[in-house]
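Chemist: coords below, sequence missing:
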């Protein structure tokens, strides 16, 4: 061995050590070992005619494996105490992730909730969640139905234990969650952050932006017929101060003149304890509204006709009712001469025709959103 | 020759990189640790769960079945007038009466000094209460430790700062129990009351000296009788068997009380 090659070897060793030091300085989490199991990144595309999303994608980059894990978690009843109530039990894809036909949903042991199931569509734009706005970050949304005694009645620590235990005896479809977590996140570790981020990954893919109305907005004048176009104009005049923009909601909380039911649900007030918030509920998006009945926060109306009758006739009755809820009635509905929204029968039919153009067949039939076979639609 | 220069450069770079790895440490090597013990008491008695009967300022007898509270955002003050703020990521603790080891808070990387006072927050500050899920680790993870003690409101996102439960003949509830769950960090999009409270406890004539040979243990008392009686309110179980998020004004009065429940006992 010559001196020269000895030095060269030393030099090479030096390079290796130096590289090692450089690597050790970095944050290991940011430098995953590239393996053939690295999750496949998915680019989340904002529809051109939509505003920028609210969800922070940079903290939770979407991957095929993450979304797939989220889909399993979304439908699996393992999230409930009784192992049969999944998110998908009340958020069913074929009706835009609502609980079609249910005024109030039933969770574990058929216990009834107090509000109508809201849709989980277009959550990437949601600034605030639930009818009362008690949660403000999508990653924290699942804690609420999981912990609710009449929904899933479970705790996250218990779910994490069940997930870590691997395929569950007696499950409708035994799922190897440690393996799915490894595919999605690189290791088999199952923790709160990973579980919630996987659920969010799946949920933010639920984008409804391909209804007839969307094609109309994007410039296809023939996407809507004459009555539907008339409905668009009427909607813009009479409804869009609350159901505003392409998402058809301004995410505000308003009292829309419903006489409280027996339980006297005070909505937003239960979160803020501000008397001005009594009986206020979040303005819902109307996307897919034609297939998501029954309507209102308590599911009291079966049809869109009834809803529009409420705004044109019902509010006057509400004001006369002397209900304690009258004092926070939304100012836009509280004209002292003519409370509510004046609407003729023809106008109502045009608005309803327009509302049906918000139905997004591509969205509700998208096979990527379907239950992989583990869920229970009850 | 050029190879030799390159080798020197390599060595120099390696040395630089080695040191640059430690650049982010804010303080020099002269640091140690301090323990702060939160000893829950009832007047001059030690608190015993589910057993002893105590009497509050309103003369009501009660038994305590649960006492948990968050302390966070610690700051130490030394005898030179300097303060040292514990980095926030290492500054959240859940004190649980059921779990002895939770009652001793250990603060690390503390500069050597003679400390004369400590400041901390009861509760979880609003910034952390709205931080993303990757920032909710350890006692702040709503899906781990917290799930067991239930110090998180999932329907109205936020931590419960102090939870005291028990039973009393004075309670008007169906089961004779009382439930005080005090939270609310000030609100996310609309203001709510803010029940975090900053507490400062002076060590009197004592000094807690952090050095290479000594990890001082500062022993604080947390007197739950003060939760019932303080500058905020004279709390009667007969009037309030439940205080949670729905009575923010009452909760704020209780917070004004618990701000004053901490006293210094000794250091060893």
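Modeler: Sure thing, it's come through. Bear in mind that the values here come from a model prediction, so they are computed numbers and not experimental data.
Chemist: what's the residue nearest to residue B:78 when sequence neighbours are not counted sitting at in phi/psi?
Modeler: Residue nearest to residue B:78 in three dimensions, not counting chain neighbours: residue B:113, with 3.9 Å by Cβ to Cβ, 6 or more residues apart in numbering or on different chains. For the C-beta atoms, the positions are set from N, CA and C on the backbone; glycine is no exception. Main-chain torsions, residue B:113, degrees, to the nearest 10: phi -170, psi 170.
Chemist: how near is residue B:113 to residue B:30?
Modeler: From residue B:113 across to residue B:30, the span is 9 Å (Cβ to Cβ, to the nearest Å).
Chemist: Give me the more crowded residue out of these two.
Modeler: Neighbour totals were compared for residue B:113 and residue B:30, and residue B:113 leads with 22 against 12 (other Cβ atoms under 10 Å in any protein chain shown).
Chemist: Surely that one is in contact with residue B:77?
Modeler: No: with contact defined as Cβ atoms under 8 Å, residue B:113 does not reach residue B:77; the gap is 9.2 Å.
Chemist: Quickly list what's touching both of the two.
Modeler: The contact sets of residue B:113 and residue B:77 overlap at residue B:84 (Cβ atoms under 8 Å, 6 or more residues apart in numbering or on different chains).
Chemist: In chain A, what helix or strand scores lowest on average pLDDT?
Modeler: Sorted by mean pLDDT, DSSP states H and E, the helices and strands of chain A end with helix A:3-25, the least confident at a mean of 49.
Chemist: show me where the chain has helices.
Modeler: Since you didn't name a chain, this refers to chain A. With helices called from DSSP state H, chain A shows them at A:3-25, A:64-75, A:87-90, A:143-147, A:156-164, A:177-185, A:192-204, A:212-217, A:226-238, A:269-272, A:304-309, A:315-320, A:345-356, A:361-364.
Chemist: that's the wrong chain, I wanted chain B
Modeler: B:2-20, B:126-129, B:145-149, B:225-228, B:248-258.
Chemist: I'd like to check which residues are in contact with the residue nearest to residue B:78.
Modeler: B:76, B:78, B:79, B:80, B:82, B:84, B:209, B:210.
Chemist: what does residue A:130 give?
Modeler: Contact analysis of residue A:130 by Cβ under 8 Å, 6+ apart lists A:118, A:141, A:144, A:282, B:155.
Chemist: ok, now with 7 Å
Modeler: Taking Cβ atoms under 7 Å, 6 or more residues apart in numbering or on different chains, we find residue A:130 in contact with residue A:144.
Chemist: Thought residue B:181 was touching residue B:244, still the case?
Modeler: Yes: using Cβ atoms under 7 Å, residue B:244 is in contact with residue B:181, at 4.5 Å.
Chemist: domain ranges for chain A?
Modeler: Per the record, chain A has its domains at A:57-207+A:363-369, A:212-359, by automatic domain parsing.
Chemist: Measure how buried residue A:51 is and give me the count.
Modeler: 11.
Chemist: Same question for residue A:336.
Modeler: Residues lying near residue A:336 (other Cβ under 10 Å) number 6.
Chemist: ok, now the one 3 residues further on?
Modeler: As a burial measure, the neighbour count of residue A:339 was computed by other Cβ under 10 Å and equals 20.
Chemist: can you check the one 4 residues further on too?
Modeler: Using other Cβ under 10 Å, residue A:343 is surrounded by 19 other residues.
Chemist: So the residue nearest to it when sequence neighbours are not counted versus residue A:176, what's the distance?
Modeler: For residue A:343, ignoring the flanking residues on the chain, the nearest one in space by Cβ to Cβ, 6+ apart is residue A:312 at 4.1 Å. Note on residue A:312: its distance to residue A:176, by Cβ to Cβ, is 55 Å.
Chemist: In terms of neighbours, single out the busier of those two.
Modeler: residue A:312 (19 against 13).
Chemist: Who are the contact partners of residue 198?
Modeler: In the absence of a named chain, this looks at chain A. A:66, A:69, A:70, A:73, A:184.
Chemist: hmm, I had chain B in mind actually
Modeler: B:119, B:121.
Chemist: Just give me the residue closest to the centre of the chain.
Modeler: This is for chain A. When chain A is reduced to its mean C-alpha position, the closest residue under Cα atoms, centre = their mean turns out to be residue A:120, at 2.6 Å.
Chemist: My question was about chain B, not that one.
Modeler: residue B:71 (0.9 Å).
Chemist: Go ahead and confirm it touches residue B:92.
Modeler: No: using Cβ under 7 Å, residue B:71 makes no contact with residue B:92, being 8.1 Å away.
Chemist: Check the burial of the residue of the stretch 101-250 of chain A found nearest chain B by counting its neighbours.
Modeler: Closest to chain B within the stretch 101-250 of chain A is residue A:192: 3.0 Å, counting by Cβ to the nearest Cβ. As a burial measure, residue A:192 scores 23 neighbours (other Cβ under 10 Å).
Chemist: Once you drop chain neighbours, what's closest to it?
Modeler: Closest to residue A:192 by Cβ to Cβ, 6+ apart is residue B:143, at 3.0 Å.
Chemist: What pLDDT does the model give that neighbour?
Modeler: On pLDDT, residue B:143 comes in at 86.
Chemist: Repeat that for the one 10 residues further on.
Modeler: Turning to residue B:153, the model gives it a pLDDT of 93.
Chemist: pretty sure it is touching residue B:160, no?
Modeler: Yes: checked against Cβ under 7 Å, the pair residue B:153 and residue B:160 is within contact range at 6.4 Å.
Chemist: Now list whatever residues contact both of the two.
Modeler: By Cβ under 7 Å, 6+ apart, residue B:153 and residue B:160 have these common neighbours: residue B:183.
Chemist: Can you tell me how far the nearest residue to residue A:321 once chain neighbours are set aside is from residue A:271?
Modeler: Nearest non-adjacent residue to residue A:321, counting by Cβ to Cβ, 6+ apart: residue A:259, 5.5 Å away. Distance of residue A:259 to residue A:271, given as Cβ to Cβ: 22 Å.
Chemist: Ok, residue A:56 next?
Modeler: 22 Å.
Chemist: out of the two, which sits in the more crowded spot?
Modeler: residue A:271 (30 against 13).
Chemist: wait, what's in contact with residue B:88?
Modeler: Taking Cβ under 7 Å, 6+ apart as the criterion, residue B:88 is in contact with residue B:73.
Chemist: What distance do you get for it to residue B:127?
Modeler: The gap separating residue B:88 from residue B:127 is 8 Å, by Cβ to Cβ.
Chemist: gap between residue B:260 and residue A:195?
Modeler: Separation of residue B:260 from residue A:195 (Cβ to Cβ) stands at 40 Å.
Chemist: between these two, who's got more neighbours?
Modeler: Using other Cβ under 10 Å as the criterion, residue B:260 and residue A:195 rank with residue A:195 on top: 24 against 16.
Chemist: what about the chain, any weak spots by pLDDT?
Modeler: All of this refers to chain A. The model of chain A has pLDDT under 70 over residues A:1-36.
Chemist: That was the other one, I meant chain B.
Modeler: Applying pLDDT under 70 to chain B flags the ranges B:1-29, B:145-148.
Chemist: I'd like the distance from the residue in chain B that chain A sits nearest to to residue A:261, if you could.
Modeler: Residue nearest to chain A within chain B (Cβ to the nearest Cβ): residue B:143, separated by 3.0 Å. From residue B:143 across to residue A:261, the span is 33 Å (Cβ to Cβ).
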